[in-house]
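J.: Whatever this is, show me its structure:
(one chain, ligands or ions: 1)
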Amino acid sequence: MKITLTVNNTKHEVEINPSEFLLDVLRRLNYMSVKKGCDTGTCGVCTVLMDGKPVLSCSVLAASADGHEITTVEGLKDDPEYKKFTEALLAQGADQCGFCSPGLILSVYAMKKELKNPTEEEMKEYLVGNLCRCTGYASQMRAIKQFFEVKA
Ligand code: FES
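T.: The predicted model follows:
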């Protein structure tokens with residue numbers, strides 16, 4: 001079947017298998033920031049934004065993304081918020097191996113749009129689906145607080 005995906009403001013007409021997941025289609029289209037980790041909806045490294053909301057692309061059928069706007073981290077590269085958060089990740093030593101970074105960046109980006117002045121608990125709850133295989137959660141939280149301009 002043929003679907004239309006708009007990825008980072010670029011329209012793609014793409015032939016898919018009806019059982020194919022969005023993750024595999026995005027990687028086939030060369031959006032390589034979208035990582036494949038557990039492939040079972042647990043780790044969050046495949047997170048992308050669909051119409052501005054974080055989704056696990058390994059668990060979304062590509063067919064159900066037909067006609068929707070998808071954002072991968074490549075699409076944020078000129079966004080000042082992206083620059084500000086990636087600088088915070090580097091400043092806090094939270095870049096680590098980088099495998100979970102694209103998914104985390106997209107989730108934090110969406111959280112900033114959705115929640116005004118979240119508490120640390122609310123941040124943790126929002127990001128519960130974004131696992132880090134280096135277990136660098138403390139440095140990530142410092143970076144997130146820096147990004148949100150939360151005082152220590
Ligand atoms: Fe999708 Fe792990 S690869 S949640």
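
J.: helices or strands up against the longest helix along the chain?
T.: The longest helix of the chain (DSSP state H) is helix 101-114. If you count contacts as 3 or more CB pairs under 8 Å, 6 or more residues apart in numbering; DSSP states H and E, helix 101-114 packs onto strand 47-50, strand 53-56, helix 80-91, helix 120-126, helix 137-148. The way it works is simple: take the backbone N, C-alpha and C, and place the C-beta from them, glycine included.

J.: what do you get if the cut-off is 10 Å, keeping everything else the same?
T.: Using 3 or more CB pairs under 10 Å, 6 or more residues apart in numbering; DSSP states H and E as the contact test, the elements touching helix 101-114 are strand 47-50, strand 53-56, strand 69-71, helix 80-91, helix 120-126, helix 137-148.

J.: Serialize those to a markdown table and add fields for mean pLDDT.
T.: Converted to a markdown table, these look like this (pLDDT from 0 to 100):
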| stretch | mean pLDDT |
| --- | --- |
| strand 47-50 | 98 |
| strand 53-56 | 98 |
| strand 69-71 | 98 |
| helix 80-91 | 97 |
| helix 120-126 | 97 |
| helix 137-148 | 97 |
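
J.: Quick one: check the longest helix of the chain for contact with the ligand.
T.: No - using CB under 6 Å from any ligand atom, helix 101-114 never reaches the ligand; the gap is at least 8.1 Å.

J.: mind listing what's buried in that helix?
T.: Of the residues in helix 101-114, 101, 102, 103, 104, 105, 106, 107, 108, 109, 110, 111, 112 count as buried by neighbour count, 16 or more other CB atoms under 10 Å.

J.: Repeat that for stretch 47-63.
T.: Residues 47, 48, 49, 50, 54, 55, 56, 57, 58, 60, 62, 63 are the ones in stretch 47-63 that count as buried (16+ other CB under 10 Å).

J.: Now do the same contact list for the residue nearest to the fourth one when sequence neighbours are not counted.
T.: When the adjacent residues along the chain are set aside, residue 50 lies closest to residue 68, with 5.2 Å between them (CB to CB, 6 or more residues apart in numbering). In this structure, residue 68 makes contact with 3, 4, 5, 6, 7, 22, 49, 50, 51, 55, 60, judged by CB atoms under 10 Å, 6 or more residues apart in numbering.
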